[in-house]
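Q: Sequence and predicted structure are below.
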2 protein chains.
Amino acid sequence: MTTEERIQKQKEVVEQIGRHFDKEGFQPIAGRILGLLLVMDKEKYTFDEIIEELQISKSSASNALRNLEIRGDIEYITLPGDRKRYFRFRKHHSGSIIEDIEKKLNNLRELSMAILQLKADPQSENAKYLIEMQHSLGVFLESIAQSKLKLQSDK
Amino acid sequence: MTTEERIQKQKEVVEQIGRHFDKEGFQPIAGRILGLLLVMDKEKYTFDEIIEELQISKSSASNALRNLEIRGDIEYITLPGDRKRYFRFRKHHSGSIIEDIEKKLNNLRELSMAILQLKADPQSENAKYLIEMQHSLGVFLESIAQSKLKLQSDK
DNA sequence: TTATTGGTTCGGTATGTTGTGAACTAAATA
DNA sequence: TATTTAGTTCACAACATACCGAACCAATAA
């Protein structure tokens, strides 16, 4: 694979990553920026380089970058004697994907417990379903806890 | 807790469930319908009851119900000699939450492998991050597999 | 002091989403 | 055959979002 080809493919993956993050609730441009910072060989981009590479306006870039920074997905550094900011992908510690899932499932479990407690008939179809679901969630959350321990000890 | 109070609380939980499903990408009304069918003691609702309960238009109800049915989240039954459809929550087998997560993580892993393969420098910061993430995902997917086995045998 | 650089903020447009009411349809009933 | 029931479809209004260009600002350079 030539360098050209590789770069071409990288740009396609930037687009894919963009779509991935769209689905996670990011705005399209924010997804593309994240993709750019993560995928390309150059891992630090200036504001102007981002605009140039993605062909977007300054205002769009400004807004998306601010949002991404607030969310903690990117960060920037500055170099002495250089007013430009260099943006880069911010490594959330790698367990955070798992922790997000954990949080969501705990949430779901609590919701389902709230529903169950308000059921007049604890033998109703939905009540039985909720009980089963809570069991599954319990098993799953348990295994998440174990994964976390294992990852901790791997370090 | 009186029945009145209980019903009041159930309605609040319907709203909560609605918001939960909103976040999962459902349209607001669809989330409320799902909440209604799942939370209230009456676990089968007709079209008109849904409209009445949620104070929504026929067209909104019609659309949301069609979408929910296509997605497999609800189903309806009909009774002989009764033209009305009775909608109810459809129990997806309780592992499906887990399977959805599994699918998403596999997706993420593939994406990150694609990125890594295109990196010129496999020692770059992002490359190292991706490798670490893939390790975490591997551990986690392994434990998901175990959870699934355990749930299988619990049955 | 003026000009340039590196952005931010503002106002507006284009697009997409949600929901509505009204007209419609198909089946059952009178 | 006419009417009612149970919903569907259509056209549109209201609202949200995503982005852009232009004006602006603050810091540095000339």
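A: Good, I have the coordinates. Small disclaimer: the values here were computed from a predicted structure and weren't measured. Numbers count the residues shown, from 1 in each chain, chains lettered A, B, ... in the order given.

Q: Show me where chain A has its helices.
A: A:3-23, A:28-39, A:47-54, A:58-71, A:96-117, A:125-154 (DSSP state H).

Q: any idea which of these is most buried?
A: helix A:28-39 (a mean of 24; mean count of other Cβ atoms under 10 Å in any protein chain shown). Quick note: C-beta positions are derived from backbone N, CA and C, even for glycine.

Q: Is that helix in proximity to DNA strand D?
A: Yes. Contact between helix A:28-39 and DNA strand D is present through A:P28, A:I29, A:A30 (criterion: Cβ under 7 Å from any atom of the strand).

Q: The second one: what's it in contact with?
A: Translated: A:I29. The neighbours of A:I29, taking Cβ atoms under 8 Å, 6 or more residues apart in numbering or on different chains as the test, are A:L54, A:I56, A:S60, A:A61, A:A64.

Q: can you check A:N107 too?
A: Each residue near A:N107 by Cβ under 8 Å, 6+ apart is listed here: B:H20.

Q: what's the pLDDT at it?
A: Reading off the confidence values, A:N107 has pLDDT 96.

Q: Against chain B, how distant is A:G72?
A: In this structure, A:G72 and chain B are 14 Å apart, going by Cβ to the nearest Cβ, to the nearest Å.

Q: care to break chain A down by domain?
A: As given by automatic domain parsing, the domain ranges for chain A are A:3-89, A:96-154.

Q: Same list, those, but as TSV with distance to B:L116 please.
A: Supplementary listing: the domains of chain A in TSV, determined by distance: least, Cβ to Cβ, whole Å:
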stretch	distance to B:L116
domain A:3-89	10
domain A:96-154	16
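
Q: Those: which one's closest to B:S124?
A: With Cβ to Cβ as the measure, domain A:3-89 is the member of the domains of chain A nearest B:S124 (6.0 Å).

Q: chain center to the closest one, what's the gap?
A: The chain centroid and the centroid of domain A:3-89 are separated by 14 Å, computed with Cα atoms, centre = their mean, to the nearest Å.

Q: Could you work out the end-to-end span of it for me?
A: As for domain A:3-89, its first-to-last residue distance stands at 23 Å under the measure Cα to Cα, to the nearest Å.

Q: Check whether it comes into contact with DNA strand C.
A: Yes. Applying Cβ under 7 Å from any atom of the strand, one finds domain A:3-89 in contact with DNA strand C at A:46-48, A:58-59, A:61-63, A:65-66, A:83-85.
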